[in-house]
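Peer 1: Any chance you could fold what I've pasted below:
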Amino acid sequence: MKKIFYILLFLPSIVFASIEVNTDIKSVIKKHLHEREGFKVQQIVHGSVAGHTSNVKVVQWTLMGASYWRNYITVLEFSQNNIEISTKQLSGITKSISIENNLILVNSKEKGPNDASCCPTLKTTRYYKLDKTKIIEVNNPNKSFNSTP
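Peer 2: The predicted model follows:
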C-alpha cells in the first residue's frame, strides 16, 4: 500500500513534466497569444533546414485557450537570442517533429473521411522547408533539398 502511495505521489510530475524553455523562446511564442491564452512547448529540435543558410531550432508548441487548442511550429535562428524566422499553424494532432534531409517532418493524426471532429485517425507526415521568412509545405519530399536558399 505504501508503494502505491509513493507512485501516486510522484506520477503527476512524470506525466506533466515539461520541456525547459528559456525566456527568449517564451517571448517569441507569447507574441502569438491573445489575452487568457497559454501555451506548452511539446518538442524542440535542431538542424539544417532547406531555405536557410545556418542551423535552426524548430519549436513545436500548443496554444491553449479556454475551450480550444492549436498546434504550431516556430523556426528560430540557432543563436543565443532565438530570433524568430517564421511560425506556422499545423493541422490535426501533432505527434512528433524532426529534421531529416534538410526538411522539417511533422507526424500527426488528421481527420479522416469517417472520423468525428474529436477523434482523428488518419496518420499523416507533412514536410516543410523555409522560403526566406515563411514555412512552406513541400509536396515532393523525395526531391533533394539543400540548406541554402
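Peer 1: use CA for all of it now, contacts and neighbours both
Peer 2: Noted.
Peer 1: Let me see the backbone angles for residue 23.
Peer 2: phi -70, psi -30 (degrees, to the nearest 10).
Peer 1: Tell me, how many residues neighbour it?
Peer 2: 11 (other CA atoms under 10 Å).
Peer 1: Please apply the same query to residue 81.
Peer 2: So residue 81, with other CA under 10 Å, has 11 neighbours.
Peer 1: how would you label it: helix, strand or coil?
Peer 2: Secondary structure for residue 81, judged by DSSP: H, G, I helix; E, B strand; the rest coil, is coil.
Peer 1: Let me know the secondary structure of the closest residue to it other than its chain neighbours.
Peer 2: Nearest residue to residue 81, sequence neighbours excluded (CA to CA, 6 or more residues apart in numbering): residue 24, at 6.4 Å. Under three-state DSSP, residue 24 falls in the helix class.
Peer 1: Over to the one 3 residues further on?
Peer 2: Following three-state DSSP, we place residue 27 in the helix state.
Peer 1: now do residue 109
Peer 2: Per three-state DSSP, residue 109 ends up strand.
Peer 1: Do you know the pLDDT at the residue nearest in space to the middle of the chain?
Peer 2: Nearest residue to the geometric centre of the chain (CA atoms, centre = their mean): residue 60, 1.6 Å. Note for residue 60: predicted pLDDT of 97.
Peer 1: got a list of what it touches?
Peer 2: 41-44, 71-74, 97 (CA atoms under 8 Å, 6 or more residues apart in numbering).
Peer 1: can we see that at 6 Å?
Peer 2: Contact partners of residue 60, counting by CA atoms under 6 Å, 6 or more residues apart in numbering, are 42-43, 72-73.
Peer 1: List buried members of these by neighbour count.
Peer 2: 42-43, 72-73 (16 or more other CA atoms under 10 Å).
Peer 1: Among those residues, which pair sits farthest apart?
Peer 2: Across the buried ones among the contacts of residue 60, the longest distance by CA to CA is 10.8 Å; it joins 43 and 72.
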